[in-house]
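In: Build me a model from this:
(one chain, ligands or ions: 1)
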Amino acid sequence: MHEYSLAHALLQALTDHLREHPVRGRIRAVHVRKGELLILSEEALAEAWRILAEGTAAAGSELQIERVPVKVRCGSCGYAGPVRYSTDEGWHFAVPVLSCPRCGGRAEVVEGRELAIVGLSVDEDSSEAG
Ligand SMILES: [Zn+2]
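Out: Here you go, the predicted model:
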């Protein structure tokens, strides 16, 4: 299961991060950026996270998924920025077009494939003052 291994990789990254930067208090939410080109079920990812986080520092935390739009860079005309979207009949969502919106040339994807933790929401331990 794709989402399960992604959740596992996220949890591994979080564990490594916490080893270097421990937090005081309970992790309430883990903020994740998900590129639009990364095809996955957010529900399945959140569910896998709940299961895998059991017994770790992230137990009981929720994944907060932020979608990152696709950005490209064009080698021909130097364009850098968002892509056009095509909304064909029969599609349930807009599909990013991975060619340069300015000159139509082949464009390199610079954002939109990533899945990364960008922040944590922690309930501070209230018994600690200052
Ligand atoms: Zn171009």
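
In: which stretches of this structure have low pLDDT?
Out: 1, 91, 126-130 (pLDDT under 70).

In: Pull up the residues of it that are close to the ion.
Out: Within reach of the ion by CB under 5 Å from the ion, the chain has these residues: 74, 76, 77, 79, 100, 102, 103, 105. C-beta: built from backbone N, CA, C; applies to glycine.

In: Return a PyMOL selection command for the buried portion of these.
Out: Buried residues among the residues of the chain next to the ion (16 or more other CB atoms under 10 Å), as a PyMOL selection:
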select buried, resi 74+79+100
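
In: Show me the residues of the chain next to the ion that map onto strands.
Out: Counting by DSSP state E, the residues of the chain next to the ion place residue 74 in strands.

In: Buried residues, the lengthiest helix in the chain. List them.
Out: Scanning the chain for the helix with the most residues, using DSSP state H, yields helix 2-20. Neighbour counts over helix 2-20 (16+ other CB under 10 Å) mark 3, 6, 7, 10, 11, 14 as buried.

In: Kindly export stretch 46-56 (C-alpha atoms) in CSV.
Out: C-alpha atoms of stretch 46-56 as CSV (Å, rounded to 0.1, in the frame of the first residue of the first chain):
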residue,chain,number,x,y,z
ALA,A,46,-4.1,9.9,7.5
GLU,A,47,-5.3,6.5,8.5
ALA,A,48,-1.9,4.9,7.9
TRP,A,49,-0.4,7.7,10.0
ARG,A,50,-2.7,7.0,12.9
ILE,A,51,-1.8,3.3,12.9
LEU,A,52,2.0,3.8,12.5
ALA,A,53,2.2,6.7,15.0
GLU,A,54,0.8,4.4,17.8
GLY,A,55,3.5,4.0,20.5
THR,A,56,5.7,6.8,19.1
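
In: what's next to it, contact-wise?
Out: Outside stretch 46-56, the residues within contact range by CB atoms under 8 Å, 6 or more residues apart in numbering are 1, 3-4, 6-8, 10-11, 15, 30, 58-63, 65.

In: Good, wrapping up.
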